[in-house]
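Peer 1: Take this sequence and fold it.
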Amino acid sequence: MSEISYMEQELHSQPETWREAARLGAAAGPLPEAGQRVAVIGCGTSWFMAQSYAALREAAGQGVTDPFAASEAFLGSDRGYDVVVAITRSGTTTEVLRVLDAVKGRIPTVTIIGDPGTPAVALSERTFALPFADEKSVVQTRFATTALTLLRAHLGEDISRAVADAEEALAAPVEKEWVDAEQFSFLGTGWTYGLANEAALKMREASQSWTESYPAMEYRHGPIAIAAPGRVTWLFGQEPDGLEADVVRTGARFVRHDRDPLADLVLVQRVALERARARGLDPDNPRSLTRSVMLEAPAVS
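Peer 2: Below is the predicted model of the structure:
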């Protein structure tokens, strides 16, 4: 029997961490108020959660919300942001620290963080610590989804269905066809496009898999050319008319579930874990990656 990895332990704890995040998000706190213009930044997985949050917040009518990779954040005074939200598990990622330092005293900041004893705290006007969702595995699972759950609850969403669906996703079978597939394309619409990006990243990180991600309506504008037998196209959320039929005609496997899309990401995390195991890889220590990217001379005041 395989030794239980940190990744496995952490991804299985998500229903519990989501419940706690939903409780915190529904309470009064430092997160942006409706009507504020918000920039939300992150790196890697956190950037993809920023994409999902931005789409959800705008769809809820709560104000302009722009997601940026921290290394490509355009936060000049002419853009009129009322607050910058940073998402960072480690609190030590150089690009995030540089942004927080650059806007300090100019734009209010709130940082959602896993480890509260890190440099991002000193650079942030306010912080929202989620130490119960911090992780030991290099590959992020529960911190990212818990941060997004916090933000969804703050937007007024009822998270109970997502929690129940996550429990179901943790019990669902991981099909052998998914473990053996040559290639995955992940698709999403609106807030689920960020989840598609994150699903593809999880597969690359944990199992060195060939994965791509696209907005669902863009998939037929070229990327569908790689769909073929032995490959999978996995859709999060609502299906554009005729997409399944178009994928099936290629011989590729089309996958879509009715569960909450964030819960469906939990199933993809499990697939990534099983693909890593099948290839003899250590999902807690993926090739060429570390828990945090720390470049030379991070800007810390």
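Peer 1: From now on I want contacts and neighbour counts done on CA atoms only, so please keep to that.
Peer 2: Will do.
Peer 1: which parts of the longest helix anywhere in the chain are buried?
Peer 2: For the chain, the helix with the greatest residue count under DSSP state H is helix 261-278. Going by neighbour count (16 or more other Cα atoms under 10 Å), the buried part of helix 261-278 is 261-277.
Peer 1: what do you get for stretch 4-21?
Peer 2: Neighbour-count burial for stretch 4-21 flags 6-8, 10-21 (criterion: 16+ other Cα under 10 Å).
Peer 1: chain center to it, what's the gap?
Peer 2: Distance of stretch 4-21 from the chain centroid (Cα atoms, centre = their mean, to the nearest Å) equals 14 Å.
Peer 1: what about Lys176, how many neighbours?
Peer 2: 11 (other Cα atoms under 10 Å).
Peer 1: Helices of the stretch 1-150 of the chain, start to end?
Peer 2: 6-12, 14-26, 45-59, 94-103, 119-123, 142-154 (DSSP state H, counting those that start in this stretch).
Peer 1: What helices and strands are in contact with the third one?
Peer 2: Meaning helix 45-59. When contacts are defined as 3 or more Cα pairs under 8 Å, 6 or more residues apart in numbering; DSSP states H and E, helix 45-59 packs onto strand 38-42, strand 65-69, strand 83-88, helix 142-154, helix 192-207.
Peer 1: Export the ones you listed to JSON lines and append columns for mean pLDDT, mean neighbour count and distance to Thr127.
Peer 2: Shown next, in JSON lines, are the helices and strands packed on helix 45-59 (pLDDT from 0 to 100; neighbours: other Cα atoms under 10 Å; distance: least, Cα to Cα, whole Å):
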{"stretch": "strand 38-42", "mean pLDDT": "98", "mean neighbour count": "26", "distance to Thr127": "14"}
{"stretch": "strand 65-69", "mean pLDDT": "98", "mean neighbour count": "22", "distance to Thr127": "18"}
{"stretch": "strand 83-88", "mean pLDDT": "98", "mean neighbour count": "26", "distance to Thr127": "9"}
{"stretch": "helix 142-154", "mean pLDDT": "98", "mean neighbour count": "25", "distance to Thr127": "12"}
{"stretch": "helix 192-207", "mean pLDDT": "97", "mean neighbour count": "26", "distance to Thr127": "23"}
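Peer 1: and of those, who's closest to Gly25?
Peer 2: Between Gly25 and the helices and strands packed on helix 45-59, the tightest spacing by Cα to Cα is seen for helix 142-154, at 4.5 Å.
Peer 1: quick one: contacts for the most centrally placed residue in the chain?
Peer 2: Central residue of the chain (Cα atoms, centre = their mean): Met49, 3.9 Å from the mean position. Contact partners of Met49, counting by Cα atoms under 8 Å, 6 or more residues apart in numbering, are 144-145, 147-148, 194-195, 198.
Peer 1: and Leu235, helix, strand or coil?
Peer 2: Here Leu235 is recorded as strand under DSSP: H, G, I helix; E, B strand; the rest coil.
Peer 1: do the same with Pro286
Peer 2: Put simply, Pro286 is coil when judged by three-state DSSP.
Peer 1: tally of neighbours for it?
Peer 2: Per other Cα under 10 Å, the neighbour tally for Pro286 reads 19.
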